[in-house]
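In: Please work out how this folds:
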Amino acid sequence: MPADQPKQRLVLVLAAMTLANAMILVDQTAVPLALPNIMKAFHVGSQDSQWVLNASLLPLAGLLVLGGRLGDLFGRRRVFVLGTVLFAGASAIGGLAPAMPLLLAARVVQGMGGALMLPTTVAIVGATYPAERRGWALGTMGGAAAVAGALGPTIGGVLTSAFSWRAVLLVNVPLAIAAVLLALRHVAADAPRTERQHPDISGTVLLCLVLVGLVFGLSQSQQSGWSTPIVLGPLAISALAAIGFVVRERRATLPLMDFKLLRHRNYLGASLSQLFAGMAEMGLGVIFPLLLIINLGMSPALAGLALIPTTVPMVLIAPLAGRWYDRVGGRAPLVVGFIVLAISGGLLAWGVYEHTFLGVLPGLLVYGIGLSLVLTTNDPVSLDTIPDADAGQASGVSATAEQFGGALGIAVLYSIFHAIYVQQLHAGVNASRLPDLSAASYRAFKAGIEAAETTGLRVEAFSVKLQAYLGIARDASERAYLVTFLAVAGIAIVGSALVAWLVRKSPGPMQDSSVAEPEPEGASA
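Out: I've put the predicted structure just below:
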């Protein structure tokens, strides 16, 4: 065997897992740029089109812990390959779907496949690399995946404009095949399993009810109001399922989520960090295209290119963040990352009123820096005090936090944007000398705005009667963007405070399967 074979194998394992990890993130961030064309192809509105995102995000978030647990029980390579095949097959079906229901069903299966893939990528890299290089490897994978995810809008816009929205899904197929072939060739084979294993299915069902009920209830509040049964019912189911989940996991012989792991301060801090970072990343992934296409008049392809400034800092910052973590631990990079993310929210809020791309450019650049610091550091921090035997479960919980944060961010931030926009639009009309819009005119105006999400806002696309309302609508949307960006700044400030309190320098990698005692409250950073 050549002397450099072990090193080559390490690099190829990292490449395979990074490709798979990045593929999931690119899929999530590219799809928002394809939504306008999906709306046009299937004649659905923006409210319904959100479910193209959530149909994948919710099963992904709900099943990630199970995916990590299955990897621990049945073999990480087996579960990774199964998940990647599911993801590729669903991508092909979704890309060829002739109707919206089939597209949504394919997106659900994509989420299920991703739930098997994502936690096993982290666990496989963590188990493959020696302890002294594990932080660098996980940081490299997280950083590369974050960069790929940031490129997602550009990829989505370019593929949609050059080919079709279907290409955004179909491009996953060859990438998934490459990841499977690399894994089968270079990831160590799983040990044979002789004993029967019983995954915690009831816990999985309860966790899915928690996540789906909460996100569905929040998303319906936009059109139905908070006091309606379609909002209160799912929220109540989510709360009851959360109680049931905690009771079930405390009593289970082989729980889906071992709550003892939360005694590790770094793990708890990194999981909360993933939640808040996911809210900002995916929530703004929906908001940014609206700003660029509707308010700044860009095409989807140009909007995708305009988001490259969020990516460039990630390319530069990700490797530096990994080295920073190796020197000082995760606390400083995470705190600084969230503070920078909060600053970006303020810059974006200010830049909206410049009415130009140059006005929002500083905010986009700073956003890329902050998000890169957080996402690159999260993975190694989440595992640096966790026993190796629990790495799959821990990765699943951490990834669940990010994906659930993404679904929650879409629901919460879009709800904030929508509520402020509608309130300001009606207030603007009432304060003007223009007559109130009739029901038919309001529907026509709304349809025109939704159509503009495909092509950019063109005044001539509206009737002369409705053109007079466009200035009020622009002012209303700008106020909505301002409040939404400030909400992101608030989320980042809370994230910074939590990681500053929880995360400590790792005492070193753990090799046994016992659960460590929690660190004392006054442990030094």
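In: centroid residue for the protein?
Out: Centroid-nearest residue in the chain: residue 406, 4.0 Å away (criterion: Cα atoms, centre = their mean).
In: ok, that one - contacts?
Out: By Cβ atoms under 8 Å, 6 or more residues apart in numbering, the contact set of residue 406 is 28, 57, 61, 278, 279, 281, 282, 283. Glycine gets a C-beta too; all of them are placed from N, C-alpha and C.
In: And the next helix or strand past the helix or strand containing the first one?
Out: It stands for residue 28. Per DSSP states H and E: residue 28 is located in helix 5-42. The helix or strand immediately downstream of helix 5-42 is helix 46-74, counting by DSSP H and E.
In: Check which helices and strands the next helix or strand along the chain from that next one sits against.
Out: The helix or strand immediately downstream of helix 46-74 is helix 76-95, counting by DSSP H and E. Packing contacts for helix 76-95, counted by 3 or more Cβ pairs under 8 Å, 6 or more residues apart in numbering; DSSP states H and E, involve helix 5-42, helix 46-74, helix 100-128, helix 166-170, helix 172-186.
In: before we move on, back to that, for the helix holding residue 28, what is the average pLDDT?
Out: Averaging pLDDT along helix 5-42 yields 80.
In: Quick check: which ranges of the stretch 201-350 of the chain have low pLDDT?
Out: For the stretch 201-350 of the chain, applying pLDDT under 70 flags the ranges 219, 222-224, 256.
In: do the same with the stretch 351-500 of the chain
Out: For the stretch 351-500 of the chain, the stretches flagged by pLDDT under 70 are 383-396, 399, 447, 450-458, 460-461.
In: Try it again at 80.
Out: Low-confidence segments of the stretch 351-500 of the chain, defined by pLDDT under 80: 379-404, 406-407, 411, 426, 429, 431-471.
In: So what angle separates the directions of the biggest helix by length in the chain and helix 5-42?
Out: Among the segments of the chain that qualify as a helix by DSSP state H, the longest is helix 391-431. If you take axes from the mean of the first three to the mean of the last three Cα atoms, to 10 degrees, helix 391-431 sits at 30 degrees to helix 5-42.
In: Can I get stretch 295-305 in PDB, CA atoms only?
Out: This file holds the C-alpha atoms of stretch 295-305, laid out as PDB (Å, rounded to 0.1, in the frame of the first residue of the first chain):
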ATOM      1  CA  ASN A 295     -38.000  46.300  -5.000                       C
ATOM      2  CA  LEU A 296     -34.800  46.500  -7.100                       C
ATOM      3  CA  GLY A 297     -36.300  45.100 -10.300                       C
ATOM      4  CA  MET A 298     -33.800  42.300 -10.900                       C
ATOM      5  CA  SER A 299     -34.500  39.100 -12.800                       C
ATOM      6  CA  PRO A 300     -34.100  35.800 -10.800                       C
ATOM      7  CA  ALA A 301     -30.800  35.100 -12.500                       C
ATOM      8  CA  LEU A 302     -29.400  38.600 -11.700                       C
ATOM      9  CA  ALA A 303     -30.800  38.300  -8.100                       C
ATOM     10  CA  GLY A 304     -28.900  35.100  -7.700                       C
ATOM     11  CA  LEU A 305     -25.700  36.700  -8.900                       C
END
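In: How is the chain partitioned into domains?
Out: Domain ranges of the chain: 5-187+256-427+472-502, 200-255, per automatic domain parsing.
In: Tell me the span between the first and last residue of the last one.
Out: Okay, so that is domain 200-255. Distance across domain 200-255, first residue to last, is 6 Å (Cα to Cα, to the nearest Å).
In: any idea how far residue 448 is from residue 40?
Out: 13 Å (Cβ to Cβ, to the nearest Å).
In: And those two? Which one has more around it.
Out: Using other Cβ atoms under 10 Å, the more surrounded residue of residue 40 and residue 448 is residue 448, with 19 against 16.
In: The more buried one reaches residue 462, doesn't it?
Out: Yes: using Cβ atoms under 8 Å, residue 448 is in contact with residue 462, at 5.1 Å.
In: Please identify the helix or strand for the nearest residue in space to residue 341 that is not next to it in sequence.
Out: With Cβ to Cβ, 6 or more residues apart in numbering as the criterion, residue 341 has its nearest non-adjacent residue at 3.3 Å, and that residue is residue 370. For residue 370, the element it lies in under DSSP H and E is helix 357-383.
In: which secondary structure elements does that helix contact?
Out: So helix 357-383, by 3+ Cβ pairs under 8 Å, 6+ apart, packs with helix 100-128, helix 131-162, helix 265-290, helix 312-328, helix 331-352, helix 391-431, helix 470-502.
In: Can you say which of these is nearest to residue 211?
Out: The minimum distance between residue 211 and the helices and strands packed on helix 357-383 falls on helix 391-431, with 5.5 Å, by Cβ to Cβ.
In: Understood, closing this out.
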